[in-house]
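> How does the following fold in three dimensions:
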Amino acid sequence: MTKPDLLLIRFRDAKLKIVTAESCTAGLLAARITEAPGSSKIYDRGFVTYTNRSKQELLGVSGETLEQNGAVSEPVAREMAEGALERSEAQVALAITGIAGPGGSETKPEGRVCFGLAMSGSPTRSETREFGPLGRENVRRAAVDHAMSLLDAAAGEPPP
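Purely as a prediction, here's the structure:
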């Protein structure tokens, strides 16, 4: 069984739906989740918010948060996840924002990806992973793989 198939079973059994908010992965997580036949039972919708403006307009990310922290930050990932959850019928939201490359900066290097996980009735969590300068395609793939692991763990948590 593939990871999307297992995720489908876990979320279906837990009676949970997923919403995604993606920046650097530009819909790759949504595509991965929906590889499994029957994924409409667990996947509500996805937001691809590549620009700061789209993060603000579609997800309600604060301009102040963006200005103070930059788009690639845990505070932005948290607000993306919370905004997606509020704008969906899902109980679990996963957000991804990062620097896939090429390039980056001294303070925000290529391969840095921030994740936000919001669940109905639970505090929002965030984390940063440093995948390193693997190249654009590989950073995006690593980010999606990690996001799938976060979702898998979320499905195992009892509903609030």
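
> Output the below-cut-off pLDDT ranges for this protein.
In the predicted model, the chain carries pLDDT under 70 at residues 1, 157-160.

> What residues of stretch 106-125 count as buried?
Using 16 or more other C-beta atoms under 10 Å as the test for burial, stretch 106-125 gives 108-119, 124-125. Yep, even glycine has a C-beta here, placed from its N, CA and C like the rest.

> any chance of those residues in JSON lines, plus distance to residue 136 and secondary structure?
Listed next are the buried residues of stretch 106-125 as JSON lines, based on distance: C-beta to C-beta, whole Å; DSSP: H, G, I helix; E, B strand; the rest coil:
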{"residue": "108", "distance to residue 136": "15", "secondary structure": "coil"}
{"residue": "109", "distance to residue 136": "14", "secondary structure": "coil"}
{"residue": "110", "distance to residue 136": "9", "secondary structure": "coil"}
{"residue": "111", "distance to residue 136": "10", "secondary structure": "coil"}
{"residue": "112", "distance to residue 136": "13", "secondary structure": "strand"}
{"residue": "113", "distance to residue 136": "12", "secondary structure": "strand"}
{"residue": "114", "distance to residue 136": "17", "secondary structure": "strand"}
{"residue": "115", "distance to residue 136": "18", "secondary structure": "strand"}
{"residue": "116", "distance to residue 136": "22", "secondary structure": "strand"}
{"residue": "117", "distance to residue 136": "24", "secondary structure": "strand"}
{"residue": "118", "distance to residue 136": "27", "secondary structure": "strand"}
{"residue": "119", "distance to residue 136": "30", "secondary structure": "strand"}
{"residue": "124", "distance to residue 136": "28", "secondary structure": "coil"}
{"residue": "125", "distance to residue 136": "26", "secondary structure": "strand"}
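
> and of these, the nearest to residue 61?
residue 116 (10.4 Å; C-beta to C-beta).

> so who does the nearest residue to residue 27 once chain neighbours are set aside touch?
Excluding the flanking residues, the one nearest residue 27 by C-beta to C-beta, 6 or more residues apart in numbering is residue 48, at 4.9 Å. Each residue near residue 48 by C-beta atoms under 8 Å, 6 or more residues apart in numbering is listed here: 22-23, 26-27, 30, 54.

> Buried ones among those?
Neighbour counting with 16+ other C-beta under 10 Å marks 22-23, 30 as buried within the contacts of residue 48.

> between these, which is nearest residue 102?
Closest approach to residue 102 among the buried ones among the contacts of residue 48 (C-beta to C-beta): residue 23, at 16.5 Å.
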